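Enquirer: Only the shape, not the letters, is given here:
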């Protein structure tokens, strides 16, 4: 048994290292991922240990990075590319939607595309424009892409390895404000859950709170605060956005009769909309209140000094829980 206490950043770094040690076809590519170790130091030390042929510093050209990775994946490699910040992914959006997502379908499954696209996403770090986006719904809406979002150090360690092992392209979302925020004990002798599954991270009886990525920590804090009001809140970490694992979600909502979905992204046509629709379709006669959504406002991401107004916080989550009980 090997146990260590790690941050999300360290968990991802260790997971990448483990994948590269297990398979010499795994290679990393992106802006400043080599010598610098990435702007968040997720790839720190990997170029030194695995060499410049497996950890490549790329030009500042996201479309070129993704296009090159498509060719590498078609030739049998397992490239892992880093989009330096979420808002930088849009120059590569054409490659991702028209090539990455469609290659397996276009070839009737004869050409798998084992490609992982790592995207630090969300706000909370006081960054400038284009550095605090939440584009997950755009990718989850695209057939042919798998989309996952880790929320904690242990999941970061295992999920990145599972994504790399997948023969399907995976959009791998990493909550940037969590990179160095918390530590957790990693026991590598404990088998992880499958990649495309949601997990109940706090048991409760009165209302189901659904979140992923950076909002999981906020929702756990809200559940703890709700105890003083006599409310038992169940929290589910979705972990996978495409495909959605609805089994634990539906079982929970049928038991609690209430559901609140929280995410940093805009509410309009966000993941909360899809989850609300699916829960209503499957659990209509179990619901004691409408499914409520907590999200960012439907505006462009604000200047850093105003982001605390934009981002859903503990109070906004608790307000939604209160409104659910008001019905």
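Expert: Nice, thanks for sending it over. Note that this is a predicted model, so its numbers are computed, not measured.

Enquirer: what about residue 250, how many residues close to it?
Expert: 17 (other C-beta atoms under 10 Å). For the C-beta atoms, the positions are set from N, CA and C on the backbone; glycine is no exception.

Enquirer: mind listing what residue 3 touches?
Expert: Residues near residue 3 by C-beta atoms under 8 Å, 6 or more residues apart in numbering: 185, 186, 187, 188.

Enquirer: Can I get the residues you listed in CSV including neighbour count and secondary structure?
Expert: Formatted as CSV, the contacts of residue 3 follow (neighbours: other C-beta atoms under 10 Å; DSSP: H, G, I helix; E, B strand; the rest coil):
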residue, neighbour count, secondary structure
185, 11, strand
186, 20, strand
187, 10, strand
188, 15, coil
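
Enquirer: what's the closest of the residues you listed to residue 167?
Expert: Taking C-beta to C-beta as the measure, residue 167 sits nearest to residue 188 out of the contacts of residue 3, at 24.0 Å.

Enquirer: Touching, that closest one and residue 14? I think so.
Expert: No: between residue 188 and residue 14 no contact is recorded; they are 9.1 Å apart, counting by C-beta atoms under 8 Å.

Enquirer: tell me, what's touching these two both at once?
Expert: Common neighbours of residue 188 and residue 14 (C-beta under 8 Å, 6+ apart) do not exist.

Enquirer: What residues sit buried inside whatever helix or strand residue 217 lives in?
Expert: Assigned by DSSP states H and E, residue 217 belongs to helix 215-226. Judged by neighbour count (16 or more other C-beta atoms under 10 Å), helix 215-226 contains these buried residues: 215, 216, 217, 218, 219, 220, 222, 223, 225, 226.

Enquirer: Please produce CSV containing those residues, extended by pLDDT and distance to residue 127.
Expert: Below are the buried residues of helix 215-226 laid out as CSV (pLDDT from 0 to 100; distance: C-beta to C-beta, whole Å):
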residue, pLDDT, distance to residue 127
215, 97, 18
216, 98, 21
217, 96, 19
218, 97, 19
219, 98, 23
220, 97, 24
222, 97, 25
223, 97, 28
225, 97, 28
226, 96, 31
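
Enquirer: Redo those residues as TSV? Include distance to residue 148.
Expert: Below are the buried residues of helix 215-226 laid out as TSV (distance: C-beta to C-beta, whole Å):
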residue	distance to residue 148
215	15
216	13
217	17
218	19
219	18
220	19
222	23
223	23
225	28
226	28
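
Enquirer: Residue 194: which of those residues is nearest?
Expert: residue 216 (18.2 Å).

Enquirer: Distance of that closest one relative to residue 236?
Expert: In this view, residue 216 and residue 236 are 9 Å apart by C-beta to C-beta, to the nearest Å.
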